[in-house]
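1. pasted the sequence and its predicted model underneath.
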Amino acid sequence: MQQSIRNSFVNGLKNGFKVSAKLIKTIIPFYIAVDLLAHTELSFHLGVLFSPLMKPFGLSGKMAVAIISGYLVNLYAAIAALVPLNPTWQQITVVGLMTGISHNLVVEGAILHKTGVNAFFTVIFRVIVSIIAGLLLASFFRLTNG
């Protein structure tokens, strides 16, 4: 019994370190890249370019990078891209909802395709649902804040 508990503990630690390493490999590079980008002229231009698209969601134009990162990579990439932009809790919630519905589209699309599911339709459907959900949540926040 004692050996079983010890083995479980050691396996838990090993798995925890493996997961942490994966998260660190994703989060730190995205965080650094977005933080560096935020201090460049390109960041200003991206903000201006995406601002009209992000405004209905209550987001700044620069936050499009977080949504695109979440859509293409994963939720941790979205978080890492969002944090250096100093978002409000409402903005975090909108981005979290949208990327929670529609995340990791490249990998999941490939997996869906291999299973015989219409990956194109599924990916487009998820993106549309995430956009609708983001718009509804942002509208709710606007209504409740005055």
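-> Ah, there it is. Numbering: from 1, shown residues only.
2. quick check: buried residues in stretch 26-42?
-> Within stretch 26-42, the residues that count as buried by 16 or more other Cβ atoms under 10 Å are Thr26, Ile27, Phe30, Tyr31, Ala33, Val34, Leu37, Ala38. Bear in mind the C-beta positions are built from the backbone N, C-alpha and C, glycine included.
3. contacts only, for the fourth one.
-> Tyr31 makes contacts with Ala80, Ala81, Val83, Pro84, as judged by Cβ atoms under 8 Å, 6 or more residues apart in numbering.
4. just give me the closest of the buried residues of stretch 26-42 to Lys18.
-> Here the nearest of those to Lys18, counting by Cβ to Cβ, is Thr26; it sits at 13.3 Å.
5. all helices of the protein, in order?
-> Under the criterion DSSP state H, the chain contains helices at 2-37, 41-54, 64-72, 75-82, 89-101, 105-115, 119-144.
6. reformat these as CSV; add mean pLDDT.
-> CSV is the format used below for the helices of the chain (pLDDT from 0 to 100):
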stretch, mean pLDDT
helix 2-37, 80
helix 41-54, 88
helix 64-72, 89
helix 75-82, 87
helix 89-101, 96
helix 105-115, 84
helix 119-144, 96
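7. many thanks, I have nothing further to ask.
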